Every structure is written in C-alpha cells, then in structure tokens.
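Visitor: With the sequence up front, the predicted model follows.
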Amino acid sequence: MMRLFTAIVLPDSARSELVAIQPSHPDIRLTPESQIHLTLRYIGETDKVRTRRILNALTHVAFRPFDIELMGTGCFPNPSEPAVLWAGVRYHPVLRELYDSMQEELSRAGMPPPNRTFHPHVTLGRIRREKKERSTPDTTPIASVLDNFFNGEPSRFHITFRMDRFRLYQSRLHSGGAIHHCLQEYRAS
C-alpha cells in the first residue's frame, strides 16, 4: 500500500521566505523547508493497481500556468484550539479549475471524492499535543508566539510565484514526521 497526495511544489525562494515566518516554540513541530508544499488532494492509501490508474488519470488533468499568491497566516481548526499552522493562498479561478479537473479525472479512475472542502494552504507547523511540558522559564509562552504568527509581521507576508506543474507524491510516515517522494510530475498544457 502507498499513501498518496497531489501537491504544487513551491520554488526554493518561496520556501525560504516561508521558513522565515515559521513560529519558533518547543510545542510547535515545524514543517521542514524541503517538505513545504501546497497540497491539492490527499488521496490516501492505495494499492499498486489503483496507483497505476491514478498515475494515468492525472495525465488528463487540464490546466494552464498561473501566478499563485501566498499571503496571510492562520490555523485549523480555529485560533482557540490551533492544531495546524498555515500560510494562506489567495483565491485564483485557475487553481479552482485545476482542482476540479483533478477531482473529475480521479473520480473516473474510481477514487471517491474527498471528505473535506478544498481550502488551499501551505502547512508550516503543527502544535504538539503531548502532555509533556516543553517550555522552560526562558521560553516565550506559546500564546504569545501564536498571537505574533496570526497578527504580527508573519501575517503580513506576501509571496507570488508562477505555477506550471503539480506532482503526485508518496508519503511515508516516520517517527520524525512524513517523508515525501515524488512519483510523477505533471506540467501545464
């Protein structure tokens, strides 16, 4: 079985800028720079036969190049109980067209539709939920770090880059987090 997802790869310069706004605190597990991406669709566990169908289906996804704007910061599920910290993606109709075309082709390949609404974002970190106290007397309280992330300088960043491809990734879970391996890249027509 393979754990699959599709994503847009960010240029090195964009990933570097995003690393610069990641909040630093012992209770936040940051996304490593090499793993920063914009997820389009989490597909999940698939066997080899279904993976071949997915690889083929994605060759039929139609999209054209466009500029993606990353701006603002936020979290899931909400600021009073943050679990995932993210950088926002400004709405663009071509991004929606890409997503819809991908959904249509994956559906033809027998993949059920996702169980959540498409909310494009770039995950920058996750709040650790273990009960161990990681803070020391010198550590800034996490509430202050998060307030700065949501309302301070990080929330005002703005990055624009040209998107002309997406990738199908295999994700392998390890004790330190997931490691992503590109299975195939698909370019705009």
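Guide: Nice, I can see it.

Visitor: show me where pLDDT drops low in this structure?
Guide: Residue ranges of the chain with pLDDT under 70: 130-138.

Visitor: Relative to the whole chain's centre, how far out is stretch 54-70?
Guide: Distance of stretch 54-70 from its chain centroid, counting by CA atoms, centre = their mean, to the nearest Å, is 16 Å.

Visitor: Return the set of buried residues in that stretch.
Guide: Within stretch 54-70, the residues that count as buried by 16 or more other CB atoms under 10 Å are Ile54, Ala57, Leu58, Val61, Phe63, Ile68, Leu70. Every residue, glycine included, has its C-beta placed from N, CA and C.

Visitor: Now do Ser24: how many residues are near it, please.
Guide: Per other CB atoms under 10 Å, the neighbour tally for Ser24 reads 11.

Visitor: repeat for the one 10 residues further on
Guide: Applying the criterion other CB under 10 Å, we find 10 residues in the vicinity of Ser34.

Visitor: His158 too?
Guide: Around His158 there are 10 residues (other CB under 10 Å).

Visitor: And for Thr6?
Guide: Number of residues near Thr6 (other CB under 10 Å) recorded here: 25.

Visitor: ok, now how distant is it from Glu33?
Guide: Taken as CB to CB, to the nearest Å, the spacing of Thr6 relative to Glu33 amounts to 20 Å.

Visitor: now do Val61
Guide: From Val61 to Glu33 the distance is 27 Å (CB to CB).

Visitor: And Arg3, by the same measure?
Guide: Distance from Arg3 to Glu33, by CB to CB: 22 Å.

Visitor: which of the two has more neighbours?
Guide: A count of neighbours by other CB under 10 Å puts Arg3 above the other of Arg3 and Glu33, at 16 against 13.

Visitor: Show me what the helix or strand hosting the more buried one is packed against.
Guide: Using DSSP states H and E, Arg3 maps to strand 2-9. Under the contact criterion of 3 or more CB pairs under 8 Å, 6 or more residues apart in numbering; DSSP states H and E, strand 2-9 touches strand 37-46, helix 48-58, strand 165-174.

Visitor: For Phe157, which of these is the nearest?
Guide: Proximity to Phe157 (CB to CB) singles out strand 37-46 among the helices and strands packed on strand 2-9, at 15.0 Å.

Visitor: any idea how far that closest one is from the chain center?
Guide: 9 Å.

Visitor: tell me which residues of that strand are tucked away?
Guide: His37, Leu38, Thr39, Leu40, Arg41, Ile43, Thr46.

Visitor: What of stretch 177-189?
Guide: For stretch 177-189, by 16+ other CB under 10 Å, it's His180, Leu183, Tyr186, Ala188.

Visitor: and if you look at stretch 5-12?
Guide: Phe5, Thr6, Ala7, Ile8, Val9, Leu10.

Visitor: would CSV of the helices and strands packed on strand 2-9 with distance to Arg156 be doable?
Guide: Output for those, formatted as CSV (distance: least, CB to CB, whole Å):
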stretch, distance to Arg156
strand 37-46, 20
helix 48-58, 35
strand 165-174, 28
